[in-house]
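# Sequence plus the predicted model coming up.
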Amino acid sequence: MRKYSTLLFSALFVSASLFAQEAPKKEPQKGHVDQNKFRQLKDFLATPNDQRTASGAPGHAYTQQKVDYVMNLRLDEATNKIYGEEDITYHNNSKDNLEYLWLQLDQNMRAPDSETPLAESKGASGFQTPEKFVTDNMGKPKNFGFKIESVKYADGRDLSHTINRTMMRINLPKPLAPGEVFKFKIKWNYLINNSVKDGGRSGFEVFPDGNKNYTIAQFFPRLCVYNNVEGWQNMQFWGRSEFALEFGDYDVKITVPADHILDATGELQNEKDVLSKEQRNRWEKARKSYKSPVFIVTQKEAEENEKAGTTQTKTWHFKANQVRDFAFASSRKYIWDAMAVNINGKTVMAVSLYPKEGNPLWEEHSTKVVANTLEEYSKLTFDYPYSKAISVHAKDQGMEYPMICFNFGRPNPDGSYSDRVKNGMIGVITHEVGHNFFPMIVNSDERQWTWMDEGLNSFVETLAELDYDPNYNTGNLPKDIVRYMSLDQNNLSPIMSQGDYVHNFGPNAYTKPAAGLYMLRHTIMGPELFDYAFRTYSKRWMFKHPTPADFFRTMEDASGMDLDWFWRGWFYTTDYNDIGIKEVKPLYLTDKPNEKTKKLQEQYPSYFARLGKLVYLTTNKDEANSADVKSYINGLSTDEKAGLTDIPAYMYEVEFEKPGGLVMPIIVELTYADGTKKRETFPAQIWKKDDTKVLRVFTSSKEIKSIVVDPDLETADIDTSNNSWPKQTTNKFDAFKSKAKN
């Protein structure tokens, strides 16, 4: 040990002395803080405590609130209004005294006095459709938004409250102590938006025959999250960044026209009151069909049902336990099919509701995609805990809620459809059903950290889509984010940005985190380590409220890998990856030192004397001589020789450069003269001492004809023009085609 240390110290001393002698004299420099790309992330992450541990798991003192709702709803088809009364029971499970409660009033985002339209920079457009011009410049504000009729104590007395745009504060008569429960009532109504004309995450669509498809969500005042990270999560809803909600139990009765088919979050309590005997029998048959969907309502029956309306009503009753939200869909136009899915021995129902306008595409794919999604997500996370997952056809929508989601994808009027329409539908159903896992169960704060549900979900969606169709173009692979990461830095935001102010919301919240996780799984960690850690995170935080720190810490703690360099670069910065080959030098063994080595030997004779006989490397082929190495090998024992190969006939020193700011593994593909190939991957830590260049020597018995970095585009390298040796020349037409593909 001492000998090694002495020699090492001597070598370092020589290097430092040479640098001091050869480098020009400089003025004294100022010190700096640690800027190494592999420094730890502790300065960014919250300090662990008894609620959130350093391992990324919930702590022994972790708490979260519970909110229960009992609701009576009435959908008025004639006026497109919904009326509701809700009894709310708020459980204060925290250690804090709460002076007030905050509720979300999401529908107020489109109220006449909403500030959302005023918060956008909008200049004059050079062209507009007449309809758009009239709407923007001549249309009167529509009477959208919640109409709060009353807020009362459980005993009927008026309860003080304050409405601040999309938030409502309940002014408690006294602080709500830990462990206490507070009950109150709200009565409300609002005008439902036309989701096709007015936009929105829910609403209704009117068909040419006058019938409507109602996809109803964010329709009731809902409690905000209160926790030890944010306190009250009461950021205003500006229309984009979504929701943070508490888990609870729901008991909901929904009155709609008697000829409507309806489904919702939760378990139907009164099948005999709302379903025919034939429909109940078909449902039981569907519960035993694991290979193909069974029609509960056929297209022929739906077409007959949509011919005439009714003034009579029917009330559907649902109960749901441990969910964070509630939504429903209702229409007389629905075709209804379902099939059973085996989730580790438990039967879960995959369900679809769609009008005839969705066929034949929907009956061919929707329910099967739901089933595939539940199966694939359960493999990578946890067994799906609810009894069903519903896909509802809704034009121009893609939105998720517990057990139910609204999805686009409509064929042409003649029933034909392109691959683009089909793949779009498969993608949106996979994505929205997948949201049952993130954030409906792993309940992150969407408004603050959009990527924690959209990005994680998009990543698992990618694996599920490729399982459904191995040739599916997911759009979430590392190569798919290159164009975004190549944008002007003024148009980029770190992933760790609140969603309302990022420049490019889709790539930032969906594609970049998904591509990063795909890279972690396939290139950096490997599926075995990644899957165990990702499953650990998912199970740890089922029905809880994780933060980014909980995710980062769990992924490292459960895998035994230091990934701080990756989180810091990919999530906290807008740096990009660009790794290339700067120079390749053929090397040859020789017994003659070059001029630089001669000078070293003259300057440090005692050091070189201790090293004894040496061999050298040269770039001059005429000086090649391996006699001394052969002589050394001949002097080895038989056992020592057994572990050797032939003296390499070819050696190359490769200098890799890194113009990009990110550190990434270097994936190298060598192609030999005989056409064979070999790959070698150097971990990202190869950059730990020099952030701009690294050197590697490749030896072989065969001549290397070419070297390529990242041959399969695994690392989101934004400039592949420097990835090859010899440098590949691209004509202008090929360059244009490559740019168009990206």
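Yep, that arrived.
# what's in contact with stretch 710-721?
Here stretch 710-721 makes contact (CB atoms under 8 Å, 6 or more residues apart in numbering) with 477-479, 481-482, 485-486, 515, 519, 522-523, 576-580, 659-660, 664-667, 669, 679, 709, 723, 727-728, 730. All C-beta atoms are positioned from the backbone trio N, CA, C, and that covers glycine.
# Keep only those of those that are in strands.
580, 666, 667, 669, 679, 709 (DSSP state E).
# ok, so of those residues, who is nearest residue 440?
Among the ones in strands among the contacts of stretch 710-721, residue 667 lies closest to residue 440 (CB to CB), at 36.7 Å.
# hmm, which of the ones in strands among the contacts of stretch 710-721 are the buried ones?
580, 666, 667, 669, 709 (16 or more other CB atoms under 10 Å).
# I'd assumed residue 676 was in contact with the fourth one.
No. Between residue 669 and residue 676 there is no contact under CB atoms under 8 Å: 11.1 Å.
# Counting neighbours, what do you get for residue 622?
Residues within reach of residue 622, counting by other CB atoms under 10 Å, total 8.
# Read off the pLDDT value for it.
Looking at residue 622, its pLDDT stands at 89.
# In a strand, it, correct?
No. Under DSSP: H, G, I helix; E, B strand; the rest coil, residue 622 sits outside any strand and is assigned helix.
# list the contacts for it?
Taking CB under 8 Å, 6+ apart as the contact definition, residue 622 lies against nothing.
# Do a quick rundown of the strands in the stretch 251-400 of the chain.
For the stretch 251-400 of the chain, strands defined by DSSP state E, counting those that start in this stretch occupy the ranges 261-264, 267-268, 294-297, 313-323, 328-331, 335-343, 346-354, 388-393, 398-401.
# Restricting to C-alpha, output the longest one in PDB.
Translated: strand 313-323. Output of strand 313-323 as PDB, limited to C-alpha atoms (Å, rounded to 0.1, in the frame of the first residue of the first chain):
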ATOM      1  CA  THR A 313     -85.800  11.100 -15.200                       C
ATOM      2  CA  LYS A 314     -83.800   8.300 -13.600                       C
ATOM      3  CA  THR A 315     -81.500   8.500 -10.600                       C
ATOM      4  CA  TRP A 316     -78.200   6.600 -10.700                       C
ATOM      5  CA  HIS A 317     -76.500   5.900  -7.300                       C
ATOM      6  CA  PHE A 318     -72.700   5.400  -6.900                       C
ATOM      7  CA  LYS A 319     -70.400   4.900  -4.000                       C
ATOM      8  CA  ALA A 320     -66.600   5.100  -4.100                       C
ATOM      9  CA  ASN A 321     -64.100   4.700  -1.300                       C
ATOM     10  CA  GLN A 322     -60.600   6.100  -1.100                       C
ATOM     11  CA  VAL A 323     -60.800   8.200  -4.300                       C
END
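# Hmm, residue 726 is touching residue 706, no?
Yes. With contact defined as CB under 8 Å, residue 726 reaches residue 706; the gap is 6.6 Å.
# Those two: which is more packed in?
residue 706 (15 against 10).
# how about the helix or strand hosting residue 554 as CSV, C-alpha atoms only?
Taking DSSP states H and E as the criterion, the element that holds residue 554 is helix 548-559. What follows is helix 548-559, C-alpha atoms only, in CSV (Å, rounded to 0.1, in the frame of the first residue of the first chain):
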residue,chain,number,x,y,z
PRO,A,548,-40.2,15.4,-6.3
ALA,A,549,-37.7,14.8,-3.5
ASP,A,550,-39.6,11.6,-2.5
PHE,A,551,-39.3,10.3,-6.0
PHE,A,552,-35.6,11.2,-6.5
ARG,A,553,-34.6,9.8,-3.1
THR,A,554,-36.6,6.5,-3.6
MET,A,555,-35.1,5.9,-7.0
GLU,A,556,-31.6,6.2,-5.6
ASP,A,557,-32.3,4.4,-2.3
ALA,A,558,-33.9,1.4,-3.8
SER,A,559,-31.4,1.0,-6.7
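# okay, residue 120: pLDDT?
We note a pLDDT of 74 for residue 120 in this prediction.
# What is the neighbour count of it?
Per other CB under 10 Å, the neighbour tally for residue 120 reads 8.
# so what's the backbone phi/psi at it?
When read as degrees, to the nearest 10, the backbone of residue 120 gives phi -110, psi 140.
# Many thanks, we can stop here.
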